[in-house]
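K.L.:
Here is a sequence together with a model predicted from it:
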Amino acid sequence: MVICLPEELPAAALTSHHLDTHFGVTGTLTALFWATPRLRLWQHHLMIGLRKGRPAPCAGGPVRLLDLAGMRQAAAVGAGIRHQVWQRVVHGTRAATPWPTFEARHLTDPDRYPLESAVADFHAQPRVQAMRPHAAAVGPGQPSVGELEMYQAGEVAYQHYRAASAVAGDAMLTADGRKLAPASDALAHRITYLEQALAHLDSLDPDQRLLAVAL
């Protein structure tokens, strides 16, 4: 979750054990963001959870000191590479039905269509069967069946999706307490969230502070 911090909230309150008190969420600070490459030494105290590195990861800070453009570009490049790998992995398989469809059927009638059946039917698809052993054999960072629907939308669409997700996370809490989040895991709902989150980020003052939290 990306939290837009209220202006009056002191920096001393930005610790994991204060998150529930101030924002009603339980989690830990996470280094989602990158500090701008032009960050000056005297600006380090304005950052939250700043770590060494190039780019320098951090849990947050003022928008003007975060390299959101760089994060989006890097995510898009990585997504393009993963999509090309995915195309080779699933070559020759037909398009698969994404997991949210099976999940929705289960939730509609859990007695007649239990979760075990939904999982089995999803995994039985040739395209999913091609992806799972590849991810298991190669390891982290490989195309995941959890993003199947996004991969099937096409390379450019997937790059835009990952670029937007890099800065918007999975949910957002605005400074006035509104929570933005997808209505479900379906691609259409995720895209709607990203549209709302990016529009909100674009509207922020450069001095608005952002904080990333892993829930």
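P.N.:
Yep, it's here. Numbers count the residues shown, from 1 in each chain.
K.L.:
now the chain, which segments are flagged as low pLDDT?
P.N.:
8-22 (pLDDT under 70).
K.L.:
Show me which residues of the longest helix seen in it are buried.
P.N.:
Longest helix in the chain by number of residues, with DSSP state H as the criterion: helix 68-89. Within helix 68-89, the residues scored as buried using 16 or more other C-beta atoms under 10 Å are Leu68, Gly70, Met71, Arg72, Ala74, Ala75, Ala76, Ala79, Arg82, His83, Trp86, Val89. The way it works is simple: take the backbone N, C-alpha and C, and place the C-beta from them, glycine included.
K.L.:
Just checking, which helix or strand succeeds that helix along the chain?
P.N.:
Going down the chain from helix 68-89, the next helix or strand is helix 99-108, by DSSP states H and E.
K.L.:
Closest to Gly154 out of the buried residues of helix 68-89?
P.N.:
His83 (8.2 Å; C-beta to C-beta).
K.L.:
phi, psi of the residue nearest to the spatial centre of the chain?
P.N.:
Nearest to the mean C-alpha position of the chain, by C-alpha atoms, centre = their mean, lies Gly169 at 3.6 Å. Backbone geometry at Gly169, expressed as degrees, to the nearest 10, gives phi 60, psi -160.
K.L.:
The lengthiest strand in the chain packs against which elements?
P.N.:
Assignment by DSSP state E gives strand 209-214 as the longest strand of the chain. The contact analysis (3 or more C-beta pairs under 8 Å, 6 or more residues apart in numbering; DSSP states H and E) places strand 209-214 against strand 2-4, strand 28-29, strand 60-62.
K.L.:
Show me what counts as buried in that strand.
P.N.:
Arg209, Leu210, Leu211, Ala212, Val213.
K.L.:
Nearest spatial neighbour of Ser184, chain-adjacent residues omitted?
P.N.:
Pro100 (6.1 Å; C-beta to C-beta, 6 or more residues apart in numbering).
K.L.:
Now do the domain split for the protein, please.
P.N.:
2-66+170-183+205-214, 75-157 (automatic domain parsing).
K.L.:
For those, give me a markdown table that also has distance to Ile191.
P.N.:
Converted to a markdown table, these look like this (distance: least, C-beta to C-beta, whole Å):
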| stretch | distance to Ile191 |
| --- | --- |
| domain 2-66+170-183+205-214 | 8 |
| domain 75-157 | 9 |
